[in-house]
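1. prediction below, plus the sequence it came from.
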Amino acid sequence: MSTWAVVYVIHVHTPYRHIPQLFIENVPEEIEGGELRSLLTKAGYQFGEFGIPWANHYLAKEEDWKDEVVGVYKSGDVKTISYNDIAPQEEIRRVTVRIPVELHEKLKKYSNEQNLSINTIILQATLEYLQKRGE
């Protein structure tokens, strides 16, 4: 799994500024930039300028991020979503989980603090648990 960023680039003056607009976590390795861009657009995410879709914006995989993008990701100041939030429906399964009110309140608070969806937090915790078990 990898993390991608939608980045707005200001190239009027040098050095260029690379300003992240959105982070997408848990992207399967086989997904490429063009496919991810299409999924974001289909999910209603719009990036661009002057009425031109994606003008002055680009997608970058974590290993290609500029230092300022890395810093913003670590600070948690920009919205972060999970790939599962935009994945085609045939790639995901919906499960209903009943949890105590107290746990839901804790998840909601943590979700707001981390700027993540509750779904993403539960998915991350489940994946970590399975990895620890070697599955």
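-> It's in. Numbering: from 1, shown residues only.

2. show me this protein divided up by domain.
-> Following automatic domain parsing, the chain resolves into domains at 2-87, 95-135.

3. tell me which of those is the most buried.
-> Using mean count of other C-beta atoms under 10 Å, the stretch among these with the largest mean neighbour count is domain 2-87, at a mean of 15. In this view, the C-beta of every residue, glycine as well, is placed from N, C-alpha and C.

4. give me the nearest residue to Asp77, chain neighbours excluded.
-> Once flanking residues are discounted, Asp77 sits nearest to Asn115: 7.7 Å by C-beta to C-beta, 6 or more residues apart in numbering.

5. ok, now which ones touch Glu62?
-> 2-5, 73 (C-beta atoms under 8 Å, 6 or more residues apart in numbering).

6. please repeat the previous calculation with a cut-off of 10 Å.
-> By C-beta atoms under 10 Å, 6 or more residues apart in numbering, the contact set of Glu62 is 2-5, 23, 25, 27, 69-70, 73.

7. picking up where we left off before, comparing the domains of the chain by mean pLDDT, which bottoms out?
-> Lowest mean pLDDT within these: domain 95-135, a mean of 85.

8. among the contacts of Glu62, which two are most distant?
-> With distances taken as C-beta to C-beta, the most widely separated pair in the contacts of Glu62 is Val27 and Val70, at 16.8 Å.

9. quick one: the strands in this structure, in order.
-> 2-10, 17-27, 48-49, 52-53, 57-61, 80-82 (DSSP state E).

10. any residues touching stretch 94-106, and which ones?
-> Contacts with stretch 94-106, where a contact means C-beta under 10 Å, 6+ apart, come from 107, 118, 122.

11. ok, so of those, who is nearest His57?
-> Nearest to His57 among the contacts of stretch 94-106: Ile118, at 27.7 Å, using C-beta to C-beta.

12. center of this structure, which residue is that?
-> Against the mean C-alpha coordinate of the chain, by C-alpha atoms, centre = their mean, the closest residue is Ile24 at 1.7 Å.
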